[in-house]
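**Student:** I need the structure of the sequence given here:
(2 chains)
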Number of protein chains: 2
Amino acid sequence: MSRTKYCGQITKKNIGETITLNGWVQKRRDLGGMIFIDLRDRTGLVQVVFNADEGNDLLQTAETLRAEHILEITGNVVERLEGAVNPNMATGEVEIEATELTVLNTSKTPPFEITDQINVSDDLRLKYRYIDLRRPRMQENIMIRHEVKKAIRHYLDDHGFIDIETPYLTKSTPEGARDYLVPSRVHQGKFFALPQSPQLFKQLLMSSGFDRYYQIVRCFRDEDLRGDRQPEFTQVDIETSFLSEEEIRENTEIMLKHVVKEVKGLEIKEAFPIITYDEAMNNYGSDKPDIRFEMKLKDVSSIVAKSDFRVFTSTIENGGSVKGLAVKGAADEFTRKQIDGLEEIAKVHGAKGLAWIKVTDKGLTGPISKFFAEEEMAKNLLDAMDAETGDLLLFVADKEKVTHDALGALRVHLGKELKLYDPEELAFIWVVDWPLLEFDEDENRYVAAHHPFTHPKPEDVDKLVTNPTEVYAQAYDIVLNGYEIGGGSIRIHEKELQEQMFEALGFTHKEAESQFGFLLNAFDYGFPPHGGIALGLDRLVMLLANEPNIREVIPFPKNGRAADPLTDAPAVVSDKQLQELALQVTKTPKKTDEKKDSE
Amino acid sequence: MSRTKYCGQITKKNIGETITLNGWVQKRRDLGGMIFIDLRDRTGLVQVVFNADEGNDLLQTAETLRAEHILEITGNVVERLEGAVNPNMATGEVEIEATELTVLNTSKTPPFEITDQINVSDDLRLKYRYIDLRRPRMQENIMIRHEVKKAIRHYLDDHGFIDIETPYLTKSTPEGARDYLVPSRVHQGKFFALPQSPQLFKQLLMSSGFDRYYQIVRCFRDEDLRGDRQPEFTQVDIETSFLSEEEIRENTEIMLKHVVKEVKGLEIKEAFPIITYDEAMNNYGSDKPDIRFEMKLKDVSSIVAKSDFRVFTSTIENGGSVKGLAVKGAADEFTRKQIDGLEEIAKVHGAKGLAWIKVTDKGLTGPISKFFAEEEMAKNLLDAMDAETGDLLLFVADKEKVTHDALGALRVHLGKELKLYDPEELAFIWVVDWPLLEFDEDENRYVAAHHPFTHPKPEDVDKLVTNPTEVYAQAYDIVLNGYEIGGGSIRIHEKELQEQMFEALGFTHKEAESQFGFLLNAFDYGFPPHGGIALGLDRLVMLLANEPNIREVIPFPKNGRAADPLTDAPAVVSDKQLQELALQVTKTPKKTDEKKDSE
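**Tutor:** Take a look at the predicted model:
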């Protein structure tokens, strides 16, 4: 007997039909000589009834059913009695009167319930991920991920893009994040690296003339983990030839709107706003602004420079700036203690302190208000802050980077805490005109803001050698609700310019040759102008699923210590395996300590 | 100015239009004050004409053009003069009169021409793979690969399958081929392994209730390379719950027919033939029979046992068999020397020799014919061999495995050499009812014929402990033109049976627990009956593209020494990288020796 229906799809239209279902027992209730179970499959639940009419054998088997037993049931779809209709259940108007029952497999009591409300550690969820994935929310997340990929692929397939695979066993390059290495057995002492992105291969495919490439591809970075980082992550990788920056952004935007429409049923009609990197930093203190709410940063340096408040004036004299946020109508809401809490956040992000003023109907109040009491100064300050009576003004005085980081973080915190936006809203924005390089204090050299293959703005090319920090790039990020979900650029396709770029990054000619010689070579043989974008699939799905962490949308993620509690990977391997690779481990591996791992 | 057309798409319908093209110079010809170039993009070629009418600047720039320069051209589509039409070119009826020309990039003379006829080493092709991929045949192969994946995905998306990703950083398991290892930095001394297939994860997804899973996924095996093996390869991975073996095969078959229709425009109406493993071995000497031609193996043991030919009779007495092939009409065609060549092939596959008889109008001839001259013996032999006058009969006497291997290889060789089939034909066949286990002489234990998770035929379960070699499996391979393009099975979902299977494979209870404990655990919590299939995408595309080697359909393959001549991977890494991983290399890596690598 083969399944004829999924549980969640049965409606009143099926009344009178005899159907066969497969599924898991969600729960069992015994009532007045009858047994009711909710049967679950990937589409939802349906109620099945066993009663004595069909003989005692059936009822006796039904009595043995426990949660998570797997059944094959044949029965008749009947309408529920009026009082028994369950409006909270999609199939709540019907039930199945079972005539046949086969128990396909049994189950121990699972370590946690198959419901969305569970209170167990992340590691327990990951150790039993196959059970965790049965929960409705996780089932939905996996389906959303599938739908997102499907919508992306269908869009790209329909628009002349070719899905081309690039290698996973490739070469380690020291530029960028740390590589995962793969020792070679045939070439002992040498290593492959897992790709951080297929960047160079997709550029080479442009040289081959493929013109519109895409790939949904796994990428790897051996970095310390954060909430939205995983050792392996999935990238929607796109590259094109002969298109302008604007054309690439337009194509990406149409694709993202298509995804939102297919997956969420929402039609975004307006063009995504475009903001420059400098504007984003100045207005939002962030290169990934959350534009679901206003509360922009305001520069009050020129006004407070005239005050007698030494903290502000000396910062400005030393080349720093004073910027602020006006928290609308919050003057009465925030206690001193709460403001201390905000100051803590500012300090975590590098600020030395957080100055504040309340705008009350009695004028400015708060510890530093006396420095700004003079009427014109007060008026100018309120004008600059776009502030009115009832607002709480927060200020950070520091180097510009610190004021941006601290106020940007405060802004995001306040937006969430004060519920300044609809959590269901999807607010996309392009951030363009990035700096090409940034100075890395640790390495004491310039590093690429995006990557070393990013094309400078044509008008800035001459400054690459003379004034590297003044060079802007043909680079763009796409941001959704304050998360960077993708970034791209026009790439360098001129050999000389690429060599200049490597020089600006402090590579010797020999280093550039040994690491990127094959790319420099390729520039000699008809390399077209090209550019593209890479989207972080995990983050995009996380935001569309309204989840706080990418782990919730990755079927089998690693935990916070880059390990998998399910399979116990990574694990010790045999001496024979190491010998074949000509490798020796120089430290005794620690025994797995589950308690530690789950911290 | 943005491209308005692709080169290969311009037809007489476009005459009179002004268009802009981007592409590579395929060749330049100067003729009577005019310059002609063939411009190439991924869709094909079109002829562009530069003449003095448009001013000398244009002509002067055109004079600088060389092969593989990249151009942007604007011009008018005109009809070619009658004598100038090129019937060998899709766009041969038109040409473009250029009015504007921009050279977007130049090119050195490439290391080989962009044509299908090149005579260079594989390593040179791989070192310049981005140029190699410009050749028409390679462009077509990459497009076919894309079309195959697209057809598979669309079919599966439309039939309720969910694309779910599984980890690439997972656990090493000693069963199966050799793993590629990935050292962990966070857990020094421990290793991830790259997956040989997502087998266990897809089974766990069935436990999670996803019911119909697919993934087009990279897999990794660190084995010595052959023509159709690569360190990384791509698998179309499918798993389902609650379906029978027949239902899974049927679904796969419909999908493959859909692929053939979409990619080749061919409609295969007949059901794929189904043959058992035993029949395949007996009739074709192979578990992946090429059924595009007949020439089946015939068992003549019972007949020749009565002869006086000691080689045959003693083989049979020792438990071996004598089998033969009748090569139709080949008696006159094959010289003694050519038959010696066939014998060499038989010997490569383990045979001690190859006996032969020619069926001529004067009776049987050849060195051993005297043993079979007696009339009834001769008649019986010819009947058994399905032979007639003019045929060449080839015999191998040995253990059954050797007769099958040797004659199977001879059959494939002769089918190709004698052109017994249309090379464009696509002949699919299912091979079912595989043995569950085979005895591995090297390891002196049973190993799984497919893998340790394959379900025995229900009627054979009891023999798993008592008579393991007599147990057949619910396993099936799909074969195309003599290549195994996929294999699958119903999996074990019962804990006790899985434990018995591990026992039959010689695992101690502890070994089974430490390696597969998470799977055994999962069986405790409502694991549904399930099964699936995995198709080798590279081989499938190779066969659909009519290529002899999967390297021709993989964008960036490794060479025969598991290295990449393009990026020079694998490569030596820095001491810092090794220290972070707590690893020491125990051998000095060899310097890259290109000559050796390209041998």
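
**Student:** what's near enough to touch residue A:200?
**Tutor:** A:453, A:516, A:518-519, B:567 (C-beta atoms under 8 Å, 6 or more residues apart in numbering or on different chains). C-beta: built from backbone N, CA, C; applies to glycine.

**Student:** now do 6 Å
**Tutor:** Applying C-beta atoms under 6 Å, 6 or more residues apart in numbering or on different chains, one finds that residue A:200 lies in contact with residue A:519.

**Student:** same check, this time on residue A:163
**Tutor:** Counting by C-beta under 6 Å, 6+ apart, residue A:163 has contacts A:214-215, B:146, B:149.

**Student:** which one of these is nearest residue A:121?
**Tutor:** Residue A:121 lies nearest to residue A:215 out of the contacts of residue A:163, by C-beta to C-beta, at 35.6 Å.

**Student:** so the closest one is in which element?
**Tutor:** Secondary structure from DSSP states H and E places residue A:215 in strand A:212-220.

**Student:** just the angle between that strand and strand B:212-220, please?
**Tutor:** Angle of strand A:212-220 versus strand B:212-220, following axes from the mean of the first three to the mean of the last three C-alpha atoms, to 10 degrees, is 80 degrees.

**Student:** adjacent strands (with direction) for strand A:212-220?
**Tutor:** Strands flanking strand A:212-220 in the sheet, each with its direction: strand A:162-163 (parallel), strand A:232-241 (antiparallel) (DSSP bridges).

**Student:** closest one to residue A:338 among the ones you listed?
**Tutor:** Closest approach to residue A:338 among these (C-beta to C-beta): strand A:232-241, 36.5 Å.

**Student:** angle of the first helix or strand past that closest one going along the chain against strand A:232-241?
**Tutor:** Sequence order places helix A:245-264 as the next helix or strand after strand A:232-241, per DSSP H and E. Angle of helix A:245-264 versus strand A:232-241, following the same axes, to 10 degrees, is 140 degrees.

**Student:** so what does the very next helix or strand once past helix A:245-264 touch, helix or strand wise?
**Tutor:** Per DSSP H and E, the first helix or strand lying C-terminal to helix A:245-264 is strand A:274-276. Applying 3 or more C-beta pairs under 6 Å, 6 or more residues apart in numbering or on different chains; DSSP states H and E, we find strand A:274-276 packed against strand A:428-432.

**Student:** list the buried ones in stretch A:251-259?
**Tutor:** Residues A:251-253, A:255-259 are the ones in stretch A:251-259 that count as buried (16 or more other C-beta atoms under 10 Å in any protein chain shown).

**Student:** let me redo that: stretch A:171-182
**Tutor:** A:171-173, A:175, A:178-182.

**Student:** show the contacting residues for whichever residue of the stretch 251-400 of chain A sits closest to chain B.
**Tutor:** Closest residue of the stretch 251-400 of chain A to chain B, C-beta to the nearest C-beta: residue A:262 (11.7 Å). By C-beta under 6 Å, 6+ apart, the contact list for residue A:262 reads residue A:151.

**Student:** before we move on, what about residue A:571?
**Tutor:** Residue A:571 neighbours (C-beta under 6 Å, 6+ apart): B:171, B:190.

**Student:** re earlier: dump the contacts of residue A:163 to CSV, plus distance to residue A:75, pLDDT and neighbour count.
**Tutor:** Putting the contacts of residue A:163 into CSV (distance: C-beta to C-beta, whole Å; pLDDT from 0 to 100; neighbours: other C-beta atoms under 10 Å in any protein chain shown) gives the following:
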residue, distance to residue A:75, pLDDT, neighbour count
A:214, 47, 98, 24
A:215, 46, 98, 23
B:146, 46, 98, 21
B:149, 41, 98, 22
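
**Student:** quick one: low-confidence ranges for chain A?
**Tutor:** Along chain A, the parts satisfying pLDDT under 70 run over A:227-228, A:592-599.
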